[in-house]
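>>> pasted the sequence and its predicted model underneath.
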Amino acid sequence: MLRKIIVCLIILGTISGCKKDDNQQIPLVPVDINLNLDLPTYSILNSVGNYIYITGGSNGIVVYNNGPEDFVALDRHCPYRVDDFERVEVDSTNIILVDPECGSRFSLLDGSLIEGPATTSLQRYQTSFNATTRNLRIFN
């Protein structure tokens, strides 16, 4: 009985090892960024519906003002063929992120997948906004 289980596990491992999965985990990179929205560089984020690209994360971060004191921060690294370092960008609708290489589309509101070939959402970072100091913290 034990021998049959071992043989089955070996066969299963061999079969699953042959399948190439183009959707991989985005590398975990420590993120702890503070943006002062009173500074001209980040002041565009004071208006709902605006976004900016910043450095950080695995392949850059897009920060979006989703509402009063509600911000979304997403890694721009597309989860399809991670090793290619494809980067998503906001399209002309200002609510969709698109990878121009593979065509995957994601919601700017939460990073969820709209259509593939990617099969997973974008990496989302936590945000915390202090209205008194006008400081937006992005972290994981």
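Yes, it's here. Numbers count the residues shown, from 1 in each chain.
>>> hmm, Ala118 and Asp84 touching each other?
No - contact between Asp84 and Ala118 fails when scored by Cβ atoms under 8 Å: they sit 11.8 Å apart. For glycine as for every other residue, the C-beta is placed from the backbone atoms N, C-alpha and C.
>>> give me the more crowded residue out of these two.
More crowded of Asp84 and Ala118, by other Cβ atoms under 10 Å: Ala118, with 23 against 13.
>>> report the secondary structure state of the more buried one.
Of the three states, Ala118 takes coil under DSSP: H, G, I helix; E, B strand; the rest coil.
>>> show me what contacts it?
Asn23, Cys78, Pro79, Tyr80, Asp99, Cys102, Ser104, Phe106 (Cβ atoms under 8 Å, 6 or more residues apart in numbering).
>>> tell me which of those fall in helices.
Residues of these located in helices (DSSP state H): none.
>>> next step: those residues restricted to strands.
In this view, the contacts of Ala118 that belong to strands under DSSP state E are Phe106.
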